[in-house]
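Q: what would the 3D arrangement of this be:
(chains A and B)
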Amino acid sequence: MALRSTRLFLLVGLLVLVALASVAIGAKDIPLGDVWHALTASTGLENDLVVRELRVPRTLLGVAVGIALGIGGALMQGHTRNPLADPGILGVTQGAAFAVVLSIFTLGVTSLYGYVWFAFAGALVASVVVFLLGSGRSGPTPVTLALAGAAVSALMQGLVAALVLLDRQSLDAFRFWQVGGIAGRDLAVLWQVLPFLVLGLVLAAFNAAGLNALALGDDVARSLGQRVALTRVVGVVATTLLVGGAVAVCGPIGFLGLVVPHAARALTGPDYRWLLPFSGVIGAIVLLVADVVGRVVTRPGELEVGVVMALVGAPFFIALVRRRKLVKL
Amino acid sequence: MTGSTGSTGFRLGPVSGPLRWRPFVVVVVGLGLLVLAAAVSVARGDFPIPLGQVFDVLLGGGQRGQRFIVLDLRLPRALTGLFVGAALGVAGAVFQSIARNPLASPDILGVTWGAGAGAVSVITFAGTLGAVDGTMARVGVPLASLAGGLLAGLLVYGLAWRRGIEGFRLVLVGIGISAVAGNFTHYLLTVGDVTDAARVMVWITGSLNGRGWEHVVPVGLALALLIPAALVGTRLLGALQFDDDTVRGLGVRLNGARSVMLLLAVVLAAVATAAAGPVAFVALASPQIALRLAGTATPPLLGSAVVGGLLVVVSDLVARLAFGGFELPVGVVTAVLGAPYLMYLLVRSRREARV
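A: Residues are numbered from 1 along each chain as shown, chains lettered A, B, ... in the order given. Take a look at the predicted model:
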């Protein structure tokens, strides 16, 4: 217990350091002294503006989305009992993407507040469909779930392509959203989506104990007095809020939800009451690090965080697949 | 299913065996339909040409205007579609026989996405260098696509290798590699300007628009070389459908046979993608349709080729004509038709507890 809390504290400390780095490092490096100056006593200098208008919103957004995707991934892996579960691989992000494009195209929705609802609906429908397709009487296996995700993703991509090709303007907006990034969003966007993320986090917290019981199998969980169906519904709603919200703001950032829970499990073990907070903090750290790396490697240009995550996450995914036994969670 | 009713014995020198009629009939009928569909595809368009005159032109007659439209514009397009479909069909049949899984296909195994990423890099980067006309477009894009497809195929194969190949690991590694290649492609979409992006988007959806003889020839050549090679390997495929121990017991050098057949399938898929972009689901669906029509245990190679060609040509007709004045890429139609089919396969194989 004491060990775990110490580790969690250390991780939070690391997150603060990474966040500082994310504010300081970029196309224009800003000394930490100037960062402090901008945060405490801004006088409208150029560095003050860069920090307050660009870097801080971007970093805060990264923290929020990282927490959401990390915990969303942990919830998905817990509920499907599948070590390969990830919003990207299971088609949830593509479902949200299609719904967003549909809303842009048919209803002319342009504000985030308008299409966040469509992102939720798309994410929800896609996750339910994938789960139903991928699981049978014997329950879902990692392979069938991944294939169901691939099928749903492919269908969504086909439909998205059709819509986007019909409308040049949608394409121009969509192609930047589709890579997955946290650059260039202002703070207002974060405030709009924050209530949904917070609600998702609260539900996830209520879900942790139930997930521990579900990990023993549905029958055992039931005999322990768990209301299995209720736990599942709460879990799906929480996942949808977290992942759908994150995707609506940042586009599909793949593999974060896959990698983070595994790292968290290595640090804290399988108890979801600890696993969820660890996943959140590690998710935020990984996302910010990936974002900073993306700013540094192709200076003065930038590599979107979604691209960096794919390059880091895919080898991890393959290493997982290559293990002798795909451990069932 | 066939047994005494569906087959007759044959003997030809030292070779003898059962000759089954149903697969044969499927291929012949399919070829007839294919010619008809291609002819309709050539006949329909902004300047409709009666079907009779299409055949007239093909046999050397017709007016000059008609000859130009048919021979220079529409026939290459129809033939590209036909060949691409056939190549994808054969590739899918080989993949599915080897993975012993109806869900394996170049789409899922990352080959088409790798080929797409290769081609898109050339379109984007050559475009920003201002040299994407003429030779660059004609030679560079297909070559890059071929290289990308082969690279992805080899990567998937190498990474899935662990004292041999197992079907499920192949599929999962393929999904991982597809994700990387797809993400890279999406990134490239943001690099160029929006005109480039639109062209790339059309390309990665799979399109037959503006295909000329320079697209027909490479795919045709690949088919002419590789389909006979695949047919020679049919006996190996027949053996590879059994589990590993049985295959070894039958005296087949398991990993060698598998590697050669997989390489062949990867080349076919990559060449097809180079010509038309990654046309979704054709490689997945056509072997399964052919298998059901022919009533065989493993996907028949020629049947899959014919069904694949039909699928692409007919989908292209739909994409061209069904949406009023607007022409969609053929890949949209195949994706919207094919994805539900993949879902159906999943549900069915789940019930049979095969995956």
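
Q: the residue of the stretch 251-355 of chain B found nearest chain A: neighbour count?
A: Across the stretch 251-355 of chain B, no residue is closer to chain A than residue B:335, which sits at 2.7 Å (C-beta to the nearest C-beta). All C-beta spots, glycine's among them, are computed from the backbone N, C-alpha and C. Residue B:335 has 28 neighbouring residues, counting by other C-beta atoms under 10 Å in any protein chain shown.

Q: which helix or strand contains it?
A: Assigned by DSSP states H and E, residue B:335 belongs to helix B:330-351.

Q: packing partners for that helix?
A: On a contact count with 3 or more C-beta pairs under 8 Å, 6 or more residues apart in numbering or on different chains; DSSP states H and E, helix B:330-351 meets helix A:112-134, helix A:142-166, helix B:194-205, helix B:282-294, helix B:301-321.

Q: separation between residue B:190 and residue B:184?
A: When distance is defined by C-beta to C-beta, to the nearest Å, residue B:190 is 11 Å away from residue B:184.

Q: could you pull out the buried residues of the helix holding residue B:335?
A: Residues B:330-339, B:342-343, B:345-346, B:349-350 are the ones in helix B:330-351 that count as buried (16 or more other C-beta atoms under 10 Å in any protein chain shown).

Q: quick check, distance from it to the centre of its chain.
A: Centre-to-centre, helix B:330-351 and its host chain are 16 Å apart (C-alpha atoms, centre = their mean, to the nearest Å).

Q: quick one: it to helix A:112-134, angle?
A: Angle between the axes of helix B:330-351 and helix A:112-134 is 40 degrees (criterion: axes from the mean of the first three to the mean of the last three C-alpha atoms, to 10 degrees).

Q: how about stretch A:126-138, which residues are buried there?
A: A:126, A:127, A:129, A:130, A:131, A:133, A:134, A:135, A:136.

Q: and the contacts of it?
A: Residues outside stretch A:126-138 that contact it (C-beta atoms under 8 Å, 6 or more residues apart in numbering or on different chains) are A:76, A:80, A:90-92, A:94-96, A:140-141, A:144-149, A:151-152, A:156, A:236, A:239-240, A:243, B:343, B:346-347, B:350-351, B:353.

Q: state the mean pLDDT of that stretch.
A: On average, the pLDDT along stretch A:126-138 is 77.

Q: got it, and stretch A:254-272?
A: On average, stretch A:254-272 scores 87.

Q: report the buried residues of that stretch.
A: By neighbour count, and taking 16+ other C-beta under 10 Å as the criterion, the buried residues in stretch A:254-272 are A:254-265, A:267-268, A:271-272.

Q: stretch B:139-150 near chain A at all?
A: No. Judged by C-beta under 8 Å from any C-beta of the partner chain, stretch B:139-150 makes no contact with chain A; its nearest approach is 15.6 Å.

Q: okay, buried residues for that stretch please.
A: Buried residues in stretch B:139-150 (16+ other C-beta under 10 Å): B:140, B:141, B:142, B:144, B:145, B:146, B:147, B:148, B:149, B:150.

Q: including distance to residue A:10 and secondary structure, could those residues go into a markdown table?
A: Below are these laid out as a markdown table (distance: C-beta to C-beta, whole Å; DSSP: H, G, I helix; E, B strand; the rest coil):
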| residue | distance to residue A:10 | secondary structure |
| --- | --- | --- |
| B:140 | 51 | helix |
| B:141 | 51 | helix |
| B:142 | 53 | helix |
| B:144 | 47 | helix |
| B:145 | 48 | helix |
| B:146 | 50 | helix |
| B:147 | 46 | helix |
| B:148 | 43 | helix |
| B:149 | 46 | helix |
| B:150 | 46 | helix |
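
Q: so what's whatever residue of chain A ends up closest to chain B up against?
A: In chain A, the residue that lies nearest chain B is residue A:158 (2.7 Å; C-beta to the nearest C-beta). For residue A:158, the contact set (C-beta under 8 Å, 6+ apart) comprises B:205, B:280, B:331, B:332, B:334, B:335, B:336, B:339.

Q: quick check: residues of the stretch 151-300 of chain A near chain B?
A: Within the stretch 151-300 of chain A, the positions adjacent to chain B are A:151-152, A:154-155, A:157-159, A:161-162, A:164-166, A:168, A:171-172, A:175-176, A:178-179, A:254-255 by C-beta under 8 Å from any C-beta.

Q: and the angle for the host helix or strand of residue B:80 with helix B:301-321?
A: If you go by DSSP H and E, residue B:80 is part of helix B:75-99. If you take the same axes, to 10 degrees, helix B:75-99 sits at 130 degrees to helix B:301-321.

Q: show me what helix B:75-99 is packed up against.
A: Secondary elements touching helix B:75-99 (3+ C-beta pairs under 8 Å, 6+ apart): helix B:21-43, helix B:167-191, helix B:213-232, helix B:234-240, helix B:254-276, helix B:282-294, helix B:301-321.

Q: mean pLDDT lowest for which of those helices?
A: Here the lowest mean pLDDT among the helices and strands packed on helix B:75-99 goes to helix B:234-240, at a mean of 67.

Q: quick check: closest non-adjacent residue to residue A:95.
A: Nearest residue to residue A:95 in three dimensions, chain neighbours excluded: residue A:126, at 2.4 Å (C-beta to C-beta, 6 or more residues apart in numbering or on different chains).

Q: just to revisit the earlier point, okay if I get the helices and strands packed on helix B:75-99 as a markdown table plus distance to residue B:157 and mean neighbour count?
A: Putting the helices and strands packed on helix B:75-99 into a markdown table (distance: least, C-beta to C-beta, whole Å; neighbours: other C-beta atoms under 10 Å in any protein chain shown) gives the following:
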| stretch | distance to residue B:157 | mean neighbour count |
| --- | --- | --- |
| helix B:21-43 | 29 | 18 |
| helix B:167-191 | 8 | 24 |
| helix B:213-232 | 18 | 17 |
| helix B:234-240 | 15 | 18 |
| helix B:254-276 | 6 | 24 |
| helix B:282-294 | 16 | 26 |
| helix B:301-321 | 21 | 26 |
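
Q: distance to residue B:119 added to those, as a markdown table?
A: Listed next are the helices and strands packed on helix B:75-99 as a markdown table, based on distance: least, C-beta to C-beta, whole Å:
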| stretch | distance to residue B:119 |
| --- | --- |
| helix B:21-43 | 24 |
| helix B:167-191 | 9 |
| helix B:213-232 | 12 |
| helix B:234-240 | 29 |
| helix B:254-276 | 7 |
| helix B:282-294 | 17 |
| helix B:301-321 | 18 |
